[in-house]
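K.L.:
Requesting a structural model of the entry that follows:
(one chain, ligands or ions: 1)
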Amino acid sequence: MDKVENNYGADQIQVLEGLEAVRKRPGMYIGSVSARGLHHLVYEIVDNSVDEALAGYCKNINIEIEEGNIIKVKDDGRGVPIDTHEKTGISAAETVYTVLHAGGKFGGDSGYKVSGGLHGVGSSVVNALAAWMEVTIEREGGKYQMRFERGNTVQPLTRIGESNNTGTEVRFLADDTIFETLEYEKEVLENRFREMAFLTKGLRITLEDQREENSKKVEFHFEGGLISFVEYLNRKKEGLHKQPIYIEKKGEVPVEIAIQYTSSYTDNMYSFVNNINTIEGGTHLEGFKRSLTKVFNDYARKNKILKEKDLNLQGEDIREGITAIVSVKVKEPQFEGQTKTKLGNSEVTGIVQTVMNEELAAFLEENPAVAKAILEKCISASRAREAARKARELVRRKNVLENTTLPGKLADCSEKNADLCEVYIVEGDSAGGSAKQGRDRKFQAILPLWGKMLNVEKARSEKIYNNEKLMPVILAIGAGIGSDFDVTRIRYGKVIIMADADVDGAHIRTLLLTFFFRYMRPLVENGNIYLAQPPLYKLYKKGMKDIYCYSDEEMDKKLTEIGRDGISVQRYKGLGEMNPEQLWETTMNPETRTLVQIKLEDAMQADEIFTTLMGDEIAPRREFIEANAKYVKNLDV
Ligand code: TSJ
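P.N.:
So this is what the prediction gives:
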């Protein structure tokens, strides 16, 4: 705190200017003022309690969404220090809420703060963006309270009673003049708190949504920590071994890892640094992957599972079907990458590698049956990869011979700059025909799909390369597939899935999205995938321009506006019912259409959605397809 000036007045002015900047440009501090930014406020506050738990002083965190979207967070930690700063005359507690980035400057922390980390912008930012905030601290035999409005202190820290407990409680209402919405989504918060609880073994987090009638408290508390986490992620999959492999090493850089293989064909790895999800991976994940490959190959050779003449298993073979969590704690994490979610500290690679080399090798020695089950799968993955490579070569050679790289049914566009081009993937020949006639052939290409769609969730990659329905999609996009996929080579900036607004259409959409997610992930991450939104209804009347409605609500609204007199309603059952001009006007014309962009920022949720949608269990899938609107929303969050 040595930069605080001796002059109380001047310092206060500086404080207010700081928070005013936050209110002027909130996006700079919390990313956005959408629902996402709103939820960030809660994370920001809860992270402080989690820090207190990491420091070993807090066991319970209780969160409530009160009526009117007021958030309450209460922990049983030591309570924010209340002593008055001798120079400023302001309590330490008040400083936390009113000085930008003041959090973490107090002593006695765990050293691995979540807050002050990636999204740790400090509680003062939340305060600045709250219509009001009320803080209650129990500490040193007393109960203290203070209150702020839009970041300004309206009641400084005051002793309001006695208490034998310790802890911190914060209640706040986000400022509706800043945020687009104040409506919290319970599931979004739940997912976050569940993850927090998995990552902090023993911590008990509860959430109660009092906006609901008969609201119930949900509790997240996992004595198994990361072991519980992988069991949870695999709960709809079939494990190759019962107990997850668990590795933990305390030290300068504490490392915690849990692994469980499943019978699925994809890998599912998540990494964390100081409890922050490193979506782009980084040095810790690199160390993990290197060691995984080495240890399994060494074990397989030593135990003659791989013969001398055999090639080594490759990393991707050894990761097929794996679910793994890698969690490290780093004192001064460097975050890199596009979204600043990639760990850059180079020393961490070696540390994770060493821990894994020792502990995983020891585990395999002690559990030969598990080692054998996993290696059998790796070997068949390796064979499948080899078969896929041959199939791919075949495709390449065929293309060279026939001198055509594009599928026959593709109606390509004339524009050559991929950024300006779009391809509509259309189910069914009749809709494909209308789309071909209705499009603007300068920049819009049409690819009609036919044949049996393959469920990629249940098939290994070699089948994908030979599938008659997916092959045209791969060729049209023109950027390869799987580990070969190169997003810089895509032939269209927008890949638009156009399917009917019914259950079959939902099925096709899901299959294609799953395929893109599993085999062309960068396309999804880049935001190149869109869903076309065909209208559900047409309202028409003599002498009136046709009105198209894209939802029931929109139709109700329009009917109220224009009155029902003499209006006829046509319900579109499929794209095929529209003529080319209508299809252009309602669904394809960039001036008038609506596109839903698919964005997958939460890979974990996406994996679960696709496992549910495409896996073997039928009941959850039916529920999911019935709740189709919600599913698009989930993908969209
Ligand atoms: F964000 C926040 F400041 F608003 C906030 C902080 C919100 C909530 C719900 C909890 C907390 C918080 C802070 N809980 N526990 C703490 N602990 C400390 O700030 C603390 C306590 C004692 C000592 C010490 O050295 O004695 C040090 C610290 C940092």
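K.L.:
Please enumerate the helices of the stretch 501-637 of the chain.
P.N.:
503-519, 521-525, 552-562, 580-583, 603-614, 618-626, 628-636 (DSSP state H, counting those that start in this stretch).
K.L.:
is it true that residue 194 lies in a strand?
P.N.:
No - under DSSP: H, G, I helix; E, B strand; the rest coil, residue 194 falls outside any strand and is assigned helix.
K.L.:
Tell me which residues touch it, please.
P.N.:
Contacts for residue 194 (C-beta atoms under 8 Å, 6 or more residues apart in numbering) come out as 220, 232. Where C-beta positions appear, they are placed from N, C-alpha and C, glycine not excepted.
K.L.:
separation between it and the ligand?
P.N.:
18 Å (C-beta to the nearest ligand atom, to the nearest Å).
K.L.:
Please apply the same query to residue 353.
P.N.:
34 Å.
K.L.:
list the buried ones in stretch 137-156?
P.N.:
Of all the residues in stretch 137-156, those buried under the rule 16 or more other C-beta atoms under 10 Å are 137-139, 143-151, 153.
K.L.:
could you give the mean pLDDT of it?
P.N.:
What stretch 137-156 shows for mean pLDDT is 95.
K.L.:
right, is that stretch up against the ligand?
P.N.:
No - Stretch 137-156 lies out of reach of the ligand by C-beta under 6 Å from any ligand atom, never closer than 8.1 Å.
K.L.:
Pull up the distance across that stretch, start to finish.
P.N.:
13 Å (C-alpha to C-alpha, to the nearest Å).
K.L.:
do the same with stretch 520-532
P.N.:
Stretch 520-532 has an end-to-end distance of 19 Å (C-alpha to C-alpha).
K.L.:
still on that earlier bit, could I get the buried residues of stretch 137-156 as CSV with secondary structure?
P.N.:
Formatted as CSV, these follow (three-state DSSP):
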residue, secondary structure
137, strand
138, strand
139, strand
143, strand
144, strand
145, strand
146, strand
147, strand
148, strand
149, strand
150, coil
151, coil
153, strand
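K.L.:
Return the member of the residues you listed nearest to residue 389.
P.N.:
Taking C-beta to C-beta as the measure, residue 389 sits nearest to residue 151 out of the buried residues of stretch 137-156, at 59.6 Å.
K.L.:
Relative to residue 315, how far out is the closest one?
P.N.:
50 Å (C-beta to C-beta, to the nearest Å).
K.L.:
do the same with residue 237
P.N.:
Applying C-beta to C-beta to residue 237 and residue 315 gives a distance of 21 Å.
K.L.:
related to what we said a few turns ago, ok, the buried residues of stretch 137-156 vs residue 76, which is closest?
P.N.:
residue 138 (9.0 Å).
K.L.:
For that closest one, which non-adjacent residue is closest in space?
P.N.:
residue 163 (4.3 Å; C-beta to C-beta, 6 or more residues apart in numbering).
K.L.:
I figured the one you found hits residue 140, correct?
P.N.:
No - using C-beta atoms under 8 Å, residue 163 is not in contact with residue 140, being 9.1 Å away.
K.L.:
Three-state assignment for residue 258, please.
P.N.:
strand.
K.L.:
isn't it right up against residue 359?
P.N.:
No - applying C-beta under 8 Å as the test, residue 258 and residue 359 come out as separate, 11.7 Å apart.
K.L.:
Residues that sit against both of these two, list them.
P.N.:
Residues within reach of residue 258 and of residue 359 at once, by C-beta under 8 Å, 6+ apart, are residue 247.
K.L.:
more crowded one of these two?
P.N.:
residue 258 (24 against 19; other C-beta atoms under 10 Å).
K.L.:
Enumerate every residue touching that one.
P.N.:
Counting by C-beta under 8 Å, 6+ apart, residue 258 touches 225, 226, 227, 229, 230, 244, 245, 246, 247, 324, 325.
K.L.:
Report the beta-bridge partner residues of it.
P.N.:
Judged by DSSP bridges, the bridge partners of residue 258 are residue 246, residue 325.
K.L.:
Please report how far it lies from residue 165.
P.N.:
35 Å.
K.L.:
Could I get the full set of helices for the stretch 251-400 of the chain?
P.N.:
So, for the stretch 251-400 of the chain - with DSSP H, counting those that start in this stretch - the helices run 283-302, 315-318, 347-366, 368-402.
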